[in-house]
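In: Here is my input, please return the structure:
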Amino acid sequence: MSSGPGGSSAAADLVRARKQLLSGGRKGHGSGQTSARRLDAPALRNALVDLHEFWLTTKGAELGMGADSGFALMAVGGLGRRELLPHSDLDLILLHDNLEPEVVSQIADQLWYPLWDAHIKLDHSVRTIPEALQVAATDMTAALGMLEARHIVGDGELSNLLIGGVRRQWRNDIRHRFGELIDQTRNRWERSGEIAHRAEPDLKSGRGGLRDVQLLNALAIAQLTDGMPGLGVQAPGGGLSAAHGRLLDVRTELHRVAGRARDQLLAQDADEIGAALRIGDRFDLARTLSDSARTIGYSVDVGIRTAANSLPRRGLSTVRRVPVRRPLDEGVVEHAGEVVLARDARPKKDPALITRVAAASAQTGMPMSASTLRRLADSAPELREPWPKEALNDLLVLLGCGTRMIPAIEALDRTGLWGRLLPEWGAVRDLPPRDAVHTWTVDRHLVETVAYASGFTTRVSRPDLLVLGALLHDIGKGRGGDHSVVGADLATQIGKRLGLWPSDVALLTAMVRHHLLLPQTATRRDLDDPATVQSVVDALGGDTILLELLHALAEADSRATGPGVWGDWKSSLIGELVRRCRMVMAGDALPTPDPLDPEVVALAETGGVHVTLNATDTAHTFVVTVVAPDTKGLLAKAAGVMALNSLRVYSASLGAHDGTAVNSFVVSPRFGTPPQAGLLRQELVRALAGELDLLRTLDERDAQAREQQSSEQVEGAGVPVLWAQSPPRIIWFDAPADGEAILELRAEDRVGLLCRLAFALEACGADVRWARVSTLGSSVIDAFCIDLGDGNTRAVREELEAAVLSVVPLARPDKPADE
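Out: Numbering: from 1, shown residues only. Have a look, this model is predicted:
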């Protein structure tokens, strides 16, 4: 290309100054020597912006681009944002007031040719204001660029007219262009992946990258959200602004190290960039990038959701009713597709509110509103030690929700609330894996393991400990030493803080300590050697419950590690090892009924129908005892009355004394305080008399709740959750008495489940002699001792199984049982 007007020498001083800045030195006065002063990343960007602005303004003045010239030079892109990187393109717009083409061409040539001849990368356009507005109206990328346009030299009024016009047009058209904007964003994420979990991330276009910060700016200009949705400077790590700055610094050093424009951070450059930024080695850099990208990613999620709710609507949508506040739990409601605090919620006096809000979010699939999380972060006190039982139960419900739990925990973590619940989490937060086979950072791997484990809860007798063990199995990483040993000590500490029984703390500790025992032994030792099996049995103390927990955890851990880690070969080896260990350990314990309280026995001997409600040592937890003649349907109707009165059943013990049924239920009210015992008795008497159709009322409430949730969905919000994470499982045990059998159900909970189960068994003519019911988070383990008499046949058992499975939540039809 030949030199145009102005010649290549016109930009030679700009090129020399750029080289001097990038070489890290500057010439000393009068000495001719270059001093070795290296600018840090922010200072380098500022210097580059000042340098290019100075050259452009000087050049514009030479060309007569004054206030009344009819010309204006504007910067977009990095220079427009004052974020010019060492090898960024210059993005410039020459704006003119509909001047003669010959005049415009002459000015343009004298601006562009010196830059071209100096081999400075230039992205340029020459437009009038109407032409620029037309381009912005039809080209999304151009529109986003012009939203960041900045006046450099020339007629400032001309620049202001374009800036104001583009922004006004953007605000007016956003309703029609929002879908295109979000589709473009999601396509970009799909192409570039997540920065937080990529070995060689795209810092510009990846999810959580610099383009996402520009997206938030565009939404703010449209007046759909503020500039820092969800995370301000008070958030952990400095929030969105600090995360943005860290990504800019890394990309600046990437340009400087690579010697050219580059957006993808290659592993070979990571150590040098980490050292230049005084972050550390490549692992420290990866951790910084993960933290920043996840902070930006959370902010983008909040921004898109807020923007979608803020969009002006026309037509029929303008007459839709105002979204109602639908109760979800005590102090928690749904509003406009988000989980928010009720108007009467008091975070300062309700420390368990954090876990309750998160559990509601995961159960419904709806996100927690940013304002709710900020309010909880500002006001909610620390949970006392040990935790209240309801807080632990809500945590278990959260962990049992499968993949719906992941965004809930991510939101808690980005806002500092997850670290408040689990202070030990800080050491693994954003910790990069040391092994290339791992897909996720350590903290995300733990959460992914829980998501897989929630699909295996019906395989084990302690689903609560399975999900807790999955959450904590690698908690010892990042602290030095054997992470299994370190993690076991932390698990003991956490288990005590959560309020677990000492025996459960010991079991949780053993899970963390031995979580690698089965896969390592199965893949590295000779399973035909009896000593191999005996070593595992000895290490586990002959505990069959621990064995089954470790078996499920091994699969969940492997599946959460990355593709191909869990396969048929590994599955068969571990399965065979577990089978041989079970043979040595000699079987499982048989479920047995709980003994009756002597005071309740005395009450039963008086006859009649009695209902008592007594508080326990734990706030919001009560014991309801029903004493009544042992008539058909008593269990179903007692459980149904409690479900209709919004009492959540945590456990139940069902027995009898001399023809009188004695049923005890540990319950917690979903909202407010429990009803009076007299009201429960009154409704139970009505139900026993056939005046209250419990099943129909429960079904109507279920249908109404689902219909209401579906009708109030906004774009991007959760949908009604109808499927279980783990497929239900039924286990039969032979009871000691002739003709009796014990049916144990492992399934996911639902409102009124015990009532429905009892009615289903009753419809089959089953005589329930005793029952023991446990709710562990979102899972239930219910054992019913059934008198089958002479009908203890396979056909009868299959009929009972079909009846039971007809009322429990089932796994998705498209989800394999062991997936």
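In: what's the pLDDT at D767?
Out: Per-residue pLDDT puts D767 at 86.
In: ok, how many other residues are close to it?
Out: By other Cβ atoms under 10 Å, the residues close to D767 number 14. Where you see a C-beta, it was placed from the backbone N, CA and C, and this is true even at glycine.
In: Which stretches in the stretch 401-550 of the chain count as helices?
Out: Listed in chain order, the helices of the stretch 401-550 of the chain (DSSP state H, counting those that start in this stretch) span 405-414, 417-421, 442-453, 463-472, 483-498, 502-513, 517-524, 530-539, 544-561.
In: for the record, mean pLDDT for the third one?
Out: Along helix 442-453, the predicted local confidence has a mean pLDDT of 97.
In: Residues contacting that helix, please?
Out: Here helix 442-453 makes contact (Cβ atoms under 8 Å, 6 or more residues apart in numbering) with 196-197, 399, 402-403, 405-406, 409-410, 413, 425, 428-433, 438-440, 466-467, 469-475, 477-478, 552-553, 555-557, 559-561.
In: do the same with the first one
Out: Taking contacts as Cβ under 8 Å, 6+ apart, the residues outside helix 405-414 that touch it are 230-231, 235-236, 294-295, 298, 301, 354, 358, 361-362, 367-368, 373, 398-399, 401, 418-419, 421, 425, 429, 443, 447-448, 450-451, 454.
In: Then the second one?
Out: Helix 417-421 is contacted from outside by 236, 354-355, 373, 376-377, 380, 382-383, 395, 409, 412-413, 425-426, 429, using Cβ under 8 Å, 6+ apart.
In: ok, now the fifth one?
Out: Taking contacts as Cβ under 8 Å, 6+ apart, the residues outside helix 483-498 that touch it are 385-387, 392, 395, 422, 424, 468-469, 472-477, 479-480, 504-505, 508-516.
In: Look at A705 and report its pLDDT.
Out: Looking at A705, its pLDDT is 68.
In: Longest helix in this protein, please.
Out: If you go by DSSP state H, the chain has its longest helix at helix 156-192.
In: What's the first helix or strand after it?
Out: helix 210-221 (DSSP states H and E).
In: for that following helix, packing partners?
Out: With contacts defined as 3 or more Cβ pairs under 8 Å, 6 or more residues apart in numbering; DSSP states H and E, helix 210-221 has these neighbours: helix 140-146, helix 156-192, helix 239-258, helix 282-310.
In: Surely G789 is in contact with G739?
Out: Yes. Using Cβ atoms under 8 Å, G789 is in contact with G739, at 4.7 Å.
In: what about A802, which helix or strand?
Out: Using DSSP H and E, A802 falls within helix 794-805.
In: what comes into contact with that helix?
Out: Residues from elsewhere that reach helix 794-805 (Cβ under 8 Å, 6+ apart): 728, 730, 732, 741, 743, 745, 757, 760-761, 763-764, 766, 786, 788.
In: change it to 6 Å
Out: Identification of contacts with helix 794-805 by Cβ atoms under 6 Å, 6 or more residues apart in numbering yields 730, 745, 760, 764.
In: go on, stretch 592-610?
Out: Against stretch 592-610 from outside (Cβ under 6 Å, 6+ apart): 625, 627-628, 653, 655, 657, 660, 662, 770.
In: let's see it at 8 Å
Out: 612, 625-629, 653-655, 657-658, 660, 662, 664, 681, 684-685, 688, 770-772, 785.
In: For the stretch 101-250 of the chain, give me the ranges with low pLDDT.
Out: 227-237 (pLDDT under 70).
In: low-scoring pLDDT stretches of this protein, where are they?
Out: In the predicted model of the chain, residues 1-10, 24-36, 227-237, 312-323, 587-591, 705-723, 812-819 satisfy pLDDT under 70.
In: picking that back up, please identify which of the helices and strands packed on helix 210-221 is closest to V126.
Out: For V126, the closest of the helices and strands packed on helix 210-221 is helix 156-192, at 12.9 Å, according to Cβ to Cβ.
In: List the buried residues of the longest helix of the chain.
Out: Using 16 or more other Cβ atoms under 10 Å as the test for burial, helix 156-192 gives 158-159, 161-163, 165-167, 169-170, 174, 177-178, 181-182, 184-185, 188-189, 192.
In: what does stretch 238-250 give?
Out: Result for stretch 238-250 [16+ other Cβ under 10 Å]: buried residues 238-244, 246-250.
In: And that stretch, how far out from the chain middle?
Out: Put simply, stretch 238-250 sits 21 Å off its chain's centre (Cα atoms, centre = their mean, to the nearest Å).
In: Taking the contacts of helix 405-414, please make a ChimeraX selection of just the buried ones.
Out: Buried residues within the contacts of helix 405-414, by 16+ other Cβ under 10 Å, are selected in ChimeraX with:
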select :230,231,235,236,294,295,298,301,354,358,361,362,367,368,373,398,399,401,418,421,425,429,443,447,448,450,451,454
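In: Including distance to D226, could the helices and strands packed on helix 210-221 go into TSV?
Out: Below are the helices and strands packed on helix 210-221 laid out as TSV (distance: least, Cβ to Cβ, whole Å):
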stretch	distance to D226
helix 140-146	18
helix 156-192	15
helix 239-258	10
helix 282-310	8
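In: Quick check, central residue of this protein?
Out: Nearest residue to the geometric centre of the chain (Cα atoms, centre = their mean): P407, 1.5 Å.
In: wait, what's in contact with S192?
Out: With Cβ under 8 Å, 6+ apart, S192 has these contacts: 202, 205-207, 209.
In: and with 7 Å instead?
Out: Shown in contact with S192 (Cβ atoms under 7 Å, 6 or more residues apart in numbering): 202, 205-206.
In: Let's see if you can find the most crowded of the residues you listed.
Out: Within the contacts of S192, neighbour counts (other Cβ under 10 Å) peak at G206, which reaches 29 neighbours.
In: So that residue is in contact with G193, correct?
Out: Yes. Assessed by Cβ atoms under 7 Å, G206 is found in contact with G193 at 5.7 Å.
In: Where do the strands of the stretch 651-800 of the chain begin and end?
Out: With strands called from DSSP state E, counting those that start in this stretch, the stretch 651-800 of the chain shows them at 660-669, 729-734, 740-748, 767-776, 779-787.
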